Each structure stands twice: as structure tokens, then as C-alpha cells.
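Trainee: fold the following and give me the result.
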Amino acid sequence: MAMRCLPLLAIAAGLFVTAGCHTKTKVPNDSGYAVPASGAEVATITGSRRRPGFLAEDHLGYVLLVDSKFVGDAAKAWNQPLKIAAGRRIITAEYRNGTFTARADLVLEAKPGATYQLKIVNGTEGGEGKRFNDFWIVDARSGGLVTDVYHAEISGNTAPYNPFSVY
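Mentor: Model prediction:
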């Protein structure tokens, strides 16, 4: 009887040992964002951060992609001005708060020499308290809105969210 269970035990042990393993996907070289060449007409954009309280994690909004090209270390560099070429750009913004995330594509007509800032605001809506984040971009000098506001549902945790129980 013990000999019949041995193959099953070996399979179970193998599954247990490899359960936490994963392979790192290599991103193709051409999928990374490249800063425009010097001399090109550029604008800059930065992300934003909200500090909700002493023990709560920061709410970050940052540029994840520019024209479908990944920005390196996007979350870490949220407050560093990112140079973008002037003209029509598709800015993919990401919101992060712990395990909660949301994304939006914003169309920006970048003007040469302009400075922009990605803005975020989040909250809950509906009877179930679904979490959302709004994204938009402003001219950093005037504060004027330069994109539409995009409303995105936040994913990452299925527990109902009540901001008053957290803060």
C-alpha cells in the first residue's frame, strides 16, 4: 500500500516545491520609452502623490507609458520631470496605493517648453463602496486642465473599502 502512494507523494512534493517559482519575462528592447533627442521640442510631465495620514500608504499617480512605451522605474521616479516630445502623446497613467491599482490612457497635446502634472483623486461610489480613481493632466504653471478626466475602477483587493475605517 505504501508503495502505491509513493508516486503520488512525489508528484505532490514536486508541485509544492515549484509552486512559488516563476520566470521573469524579458521586455523587448524596443518597448522601453526613450527620452527625445537633445534639440527636439519637448515638454515635461511629473506624477503626483497624496499622503493620507500617519499610518496609511501614499497614493501615487505616475506615467507608466508614453505612446505605449514603458517608462523605466515609473513608480520610483513619479516626482522626476519626464521629457516627452511635443505633439499628440498617449499617456498611460497608473494609480497605486498598496495592492490597489488603476490605469487610464490620457490624450495630451504637449506644447514645446510646457510643464505638466498628472493629477489623481480617489474615492468610493455606489452601495457596495467600489473604489475608483480619477486621472487628469494639468498645466503645472497655470493649473489649467489640459486633458479630459478619466474615471477608472480600482482593482487589487476584493474587500469592501470604507475610508473611514482606515484613516
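Trainee: for the chain, what spans make up the strands?
Mentor: 42-46, 48-50, 59-66, 69-70, 82-85, 87-97, 100-110, 115-125, 130-139, 150-153 (DSSP state E).
Trainee: what packs against the fourth one?
Mentor: Going back to what we said before, that points to strand 69-70. Under the contact criterion of 3 or more CB pairs under 8 Å, 6 or more residues apart in numbering; DSSP states H and E, strand 69-70 touches no helix or strand at all. For every residue, glycine as well, the C-beta is placed using N, CA and C.
Trainee: and the contacts of it?
Mentor: 27, 31, 32, 33, 34, 64 (CB atoms under 8 Å, 6 or more residues apart in numbering).
Trainee: pipe those residues into CSV and attach distance to residue 103, neighbour count and pLDDT per row.
Mentor: Putting these into CSV (distance: CB to CB, whole Å; neighbours: other CB atoms under 10 Å; pLDDT from 0 to 100) gives the following:
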residue, distance to residue 103, neighbour count, pLDDT
27, 17, 10, 51
31, 16, 10, 74
32, 18, 12, 89
33, 16, 18, 90
34, 21, 10, 89
64, 7, 21, 95
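Trainee: keep only those of these that are in helices.
Mentor: Among the contacts of strand 69-70, none falls in helices (DSSP state H).
Trainee: out of the strands of the chain, deepest packed?
Mentor: strand 59-66 (a mean of 23; mean count of other CB atoms under 10 Å).
Trainee: tilt between that strand and strand 115-125?
Mentor: Strand 59-66 runs at 120 degrees relative to strand 115-125, counting by axes from the mean of the first three to the mean of the last three CA atoms, to 10 degrees.
Trainee: off-centre distance for strand 59-66?
Mentor: Chain-centre distance of strand 59-66: 5 Å, with CA atoms, centre = their mean, to the nearest Å.
Trainee: likewise for stretch 43-58?
Mentor: 12 Å.
Trainee: over to stretch 57-71?
Mentor: That offset, for stretch 57-71, works out to 5 Å (CA atoms, centre = their mean).
Trainee: I'd like the contacts of strand 69-70 as a markdown table, with distance to residue 49 appended.
Mentor: Shown next, in a markdown table, are the contacts of strand 69-70 (distance: CB to CB, whole Å):
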| residue | distance to residue 49 |
| --- | --- |
| 27 | 26 |
| 31 | 26 |
| 32 | 24 |
| 33 | 21 |
| 34 | 26 |
| 64 | 15 |
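Trainee: for residue 75, what are phi and psi?
Mentor: phi -70, psi -40 (degrees, to the nearest 10).
Trainee: show me where this protein dips below the pLDDT cut-off.
Mentor: 1-30, 53-56, 157-167 (pLDDT under 70).
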